[in-house]
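Trainee: quick one: sequence and predicted model below, then my questions.
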Amino acid sequence: MQTTPDQAPDVEELAREIVFQGRFAVERLRLRVGRFDGGTGPTVTRDVFRSGDSVALVPYDPVRDQVLLIEQFRPGAFLAGANPWLLEVVAGRIEPGETPEAVARRESLEEAGITPLQVVPAGGFFVSAGDSSQFLHLFCGQVDLRHGGGALHGLVEEHEDIRTLVIPLDEALAWLDAGRIVSSPAVVGLLWLNRQRKILQTQWS
């Protein structure tokens, strides 16, 4: 009998070990995973990147219909041979004792020098569930962008060098379509904002 999402197959965990521990961890799992046809698959070994959950916030000015993006160096993109200076939205990791919204507000100040007037949830997603446990909580924040971007921000102790950029939302969407924006929180966040733009403009007017 074919299963439905509410009747997912069982997963048997046979072993788990930490094979790397640094700023992040890599855990090795040995699993036996049930199949949708009712059978059981073979024993498999999977390495999973464990980094903790994170938060991203799209700063949006509903009066000017503008968004604030940040630009910074990313070693993962560098390793992949891509342009390592990515256009992103505000983001950061959740530290012990913090709520996702508190992180969104903290990172807005640290990375962009702004304090959202209001923050609304915009869903969430696993960043790359095939090899990472990281879940990202997405928010949109009401901000006043009348003074524009171009400022430099970031924590010195974390070696951050972040430049801000303020552009119309339509231009940001055009950049997304052209492949200039490839950071997943920014891609998802801008698409969400485009769907909710009129609602937020009414609520935040």
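Mentor: On my side now, so go ahead.
Trainee: how much space separates the residue nearest to L138 when sequence neighbours are not counted from I162?
Mentor: Spatial nearest neighbour of L138, chain neighbours left out: A122 (4.3 Å); criterion: Cβ to Cβ, 6 or more residues apart in numbering. The way it works is simple: take the backbone N, C-alpha and C, and place the C-beta from them, glycine included. Counting by Cβ to Cβ, to the nearest Å, the gap from A122 to I162 is 21 Å.
Trainee: cool, G179 as well?
Mentor: Here the criterion is Cβ to Cβ. By it, G179 lies 22 Å from I162.
Trainee: so these two - more neighbours on which side?
Mentor: Legend: neighbour count by other Cβ atoms under 10 Å for G179 and I162, higher for I162 (19 against 7).
Trainee: what about the closest residue to that one other than its chain neighbours? Give its phi and psi, please.
Mentor: Nearest non-adjacent residue to I162, counting by Cβ to Cβ, 6+ apart: G154, 4.1 Å away. With angles defined as degrees, to the nearest 10, G154 sits at phi 120, psi 160.
Trainee: enumerate every residue touching G154.
Mentor: Shown in contact with G154 (Cβ atoms under 8 Å, 6 or more residues apart in numbering): Q72, E110, E111, E160, D161, I162.
Trainee: ok, now G124?
Mentor: F135, L136, H137, L138 are the contacts of G124 under Cβ under 8 Å, 6+ apart.
Trainee: double-check the third one against G52; I have them as touching.
Mentor: The reference is to H137. No. Counting by Cβ atoms under 8 Å, H137 sits too far from G52 to count as a contact (11.7 Å).
Trainee: distance from the lengthiest helix in the chain to the middle of the chain?
Mentor: In the chain, taking DSSP state H as the definition, the longest helix is helix 184-203. Relative to the centre of its chain, helix 184-203 is centred 14 Å away, using Cα atoms, centre = their mean, to the nearest Å.
Trainee: what does the lowest-mean-pLDDT helix or strand in the chain contact?
Mentor: The helix or strand of the chain with the lowest confidence, counting by mean pLDDT, DSSP states H and E, is strand 152-153 at a mean of 74. Here strand 152-153 makes contact (Cβ under 8 Å, 6+ apart) with I70, E110, E111, A112, G113, E160, D161, I162, R163, T164.
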